[in-house]
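>>> Sequence and predicted structure below; questions after.
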Amino acid sequence: MTFTYRLALSAVLTTLVACGGSGGTSDPVTTTETATSGTDTGSSSTSGDTGSSTNGSTDSVFCDYNDTTLNTQPSLTYTSVSTWTCNESTRSLTANGIPDHEIGTFPNAANPNTITEQDVSASYTLTPTQTSTASELGGPRGTTGYVLNGVKIDAGTGGSCDDSGTACSLGDPSGSWSIEALGQSSFDFGTDDNNAHVQPGGAYHYHGMPEGFISKRGGNSSTMTLIGWAADGFPIYARYGYSVADDASSELKSMQGSYQFITEVSSNRPSVDTYPLGAFRQDWEYVEGSGDLDECNGRVGVTPEFPEGIYHYYATDTYPFFQRCVKGSL
């Protein structure tokens, strides 16, 4: 079934084409959306063609996704462009890295960087294979994934402190203690309400929950919301998952990461009186079973798009906020 619906919110045009799902709306834009090979459920949440999830195949979900949105902020006007397409084996992204939702003002007092268009290109397998080994990504190790709007996920930072805590830099990773962007109040990276900010090269990127995009997708506590793809080809969802991983009839709950504060603080760590626990990545340790997810913020379970089950990741309100590693073959 093919369906089209229009929401008149302003004179700005957004076009979204999704195979196997329907998108939400973005305030303040006028949105025209067309979904093909799907089922019109009358809902703005992800729905429709679930495809074959046997052996973790993701081949028929969002193989065609095209989003063009005019996005403005003070003194800047850009058009967000994001296109996902598939061939027989690969899901590919071409985008300009401009978000398709309202963002904060950049530069700002804590972030001196100006957002600019980027040359975004990525290709992920349509047949991901889960492994028992976690591969750490992010920063110079490679992007962990992209949100559907073409904005990259990069949960860590390039900031660090030395052991004394007197020499800290938000842009120098050479110190022993890696500074976190979220979940702490010791350092200010100038993130906006989308838990995102701009890197020195002009790239807007998410450190955590992409609230504006989730709202645009119609994400809420009554639905699982697919928001992106990880570098290993597995899907990424926002916040909510089934309370029983393999039971789609179970209640949805807010997923919790399985990281806890370290139990023994190193004597080399900068003073916790100055920098409370949570300021640094090294303050956290994975404790299996303490939350809902594994060390890469993922789990195996059923989703609306994959009713037979698949390994998938979550953006969470708790550390690590977004996956810092992937569990699929690269």
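Happy to help now that I have it. Numbers count the residues shown, from 1 in each chain.
>>> Give me the residue ranges of this structure where confidence is low.
Residue ranges of the chain with pLDDT under 70: 1-62, 73-76.
>>> ok, now which ones touch the residue lying closest to Ser169 once chain neighbours are set aside?
Nearest residue to Ser169 in three dimensions, chain neighbours excluded: Gly159, at 6.1 Å (Cβ to Cβ, 6 or more residues apart in numbering). The way it works is simple: take the backbone N, C-alpha and C, and place the C-beta from them, glycine included. Applying Cβ atoms under 8 Å, 6 or more residues apart in numbering to Gly159 gives the contacts 168-173, 178-179, 181, 187, 189.
>>> what's the distance between Gly159 and Ser186?
Computed as Cβ to Cβ, to the nearest Å, the Gly159 to Ser186 distance reads 11 Å.
>>> Spit out the residues that contact these two alike.
In terms of Cβ under 8 Å, 6+ apart, Gly159 and Ser186 are both contacted by the residues Ile179.
>>> Surely Thr79 and Asn71 touch.
Yes: with contact defined as Cβ atoms under 8 Å, Thr79 reaches Asn71; the gap is 7.1 Å.
>>> would you list every one of the strands in the stretch 1-150 of the chain?
Under the criterion DSSP state E, counting those that start in this stretch, the stretch 1-150 of the chain contains strands at 3-7, 13-19, 30-36, 65-73, 76-86, 90-95, 120-125, 130-136, 145-147.
>>> next one: the stretch 201-330 of the chain
Under DSSP E, counting those that start in this stretch, the stretch 201-330 of the chain gives strands at 204-206, 226-230, 235-238, 240-242, 252-254, 259-261, 284-286, 298-301, 310-315, 325-328.
>>> Neighbouring strands - and their directions - for the fourth one?
Strand pairing for strand 240-242, using DSSP bridges, gives strand 252-254 (antiparallel).
>>> In the partner strand, which residues are buried?
With burial defined by 16 or more other Cβ atoms under 10 Å, the residues of strand 252-254 counted as buried are Leu252.
>>> again, but for stretch 96-106
Residues 96-104, 106 are the ones in stretch 96-106 that count as buried (16+ other Cβ under 10 Å).
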